[in-house]
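Trainee: mind looking at a prediction? Sequence and model below.
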Amino acid sequence: AQKVTQAQTEISVVEKEDVTLDCVYETRDTTYYLFWYKQPPSGELVFLIRRNSFDEQNEISGRYSWNFQKSTSSFNFTITASQVVDSAVYFCALSEMNDMRFGAGTRLTVKP
Amino acid sequence: ETGVTQTPRHLVMGMTNKKSLKCEQHLGHNAMYWYKQSAKKPLELMFVYSLEERVENNSVPSRFSPECPNSSHLFLHLHTLQPEDSALYLCASSLRTGGPTYEQYFGPGTRLTVT
């Protein structure tokens, strides 16, 4: 069965610090998709990125970057120069054809 | 206009009541989903609809009954719920069919309390 582990339950940083959110996954499939979502206090999950299992290129989008390593089954998310507006719960998710499994989430608090 | 809307935003119901949650997407997507988010468990996928047909039912109790009359609307009918069903119910949609392999766009959720 597929599984997603986000070992960090809560992280607290001061504004402008860099922070990395860890995600480790388990699957027996060779074709799968990985996602990151952000859930601000309003409750609505916001899509951040999708990566398929054949694309190990790292990606950077503004202050956000993602490091996908199949060798360690990890898909980590780094926020550079964090801001108060980054405070939210962040979810990593793994998808195969007809199922989507989310990690338990990491609550990030960025203090001014 | 907001991509995915859900009504009501909050709902309190007794165990003998019948109520329905509504979801509407304005994104032209072909797939829609119901999720349950409770305090003690990770986000759980409940139902997947692709082109108005149910693709997946992850062993959800029969007291939850989904309905997808068209690709823009999704309902979750609730009856004889239990207190442990209290949770945030999230609706989502995605562009393509064939399962949740494409990015999903979520609504704000319905906070359900069963008394």
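Mentor: Arrived safely, thanks for sending. The model shown is predicted, which means the values in this text are computed figures rather than measured ones. Numbers count the residues shown, from 1 in each chain, chains lettered A, B, ... in the order given.
Trainee: can you find the helix or strand in chain A with the smallest mean pLDDT?
Mentor: Sorting the helices and strands of chain A by mean pLDDT, DSSP states H and E puts strand A:99-102 at the bottom, at a mean of 83.
Trainee: and the lowest-mean-pLDDT helix or strand in chain B with chain A, contact?
Mentor: Among the helices and strands of chain B, strand B:53-57 carries the lowest confidence by mean pLDDT, DSSP H and E, at a mean of 78. Yes - applying C-beta under 8 Å from any C-beta of the partner chain, one finds strand B:53-57 in contact with chain A at B:Val55, B:Glu56. All C-beta atoms are positioned from the backbone trio N, CA, C, and that covers glycine.
Trainee: which other helices and strands does the helix or strand just after that strand contact?
Mentor: Per DSSP states H and E, the first helix or strand lying C-terminal to strand B:53-57 is strand B:64-70. When contacts are defined as 3 or more C-beta pairs under 8 Å, 6 or more residues apart in numbering or on different chains; DSSP states H and E, strand B:64-70 sits against strand B:44-50, strand B:53-57, strand B:73-79.
Trainee: avg pLDDT for strand B:64-70?
Mentor: Strand B:64-70 carries an average pLDDT of 94.
Trainee: which outside residues touch it?
Mentor: Outside strand B:64-70, the residues that touch it by C-beta atoms under 8 Å, 6 or more residues apart in numbering or on different chains are B:32, B:34, B:46-47, B:49, B:52-54, B:74-79, B:85.
Trainee: list buried residues within the residues you listed.
Mentor: B:Met32, B:Trp34, B:Met46, B:Phe47, B:Tyr49, B:Glu52, B:Leu74, B:Phe75, B:Leu76, B:Leu78, B:Asp85 (16 or more other C-beta atoms under 10 Å in any protein chain shown).
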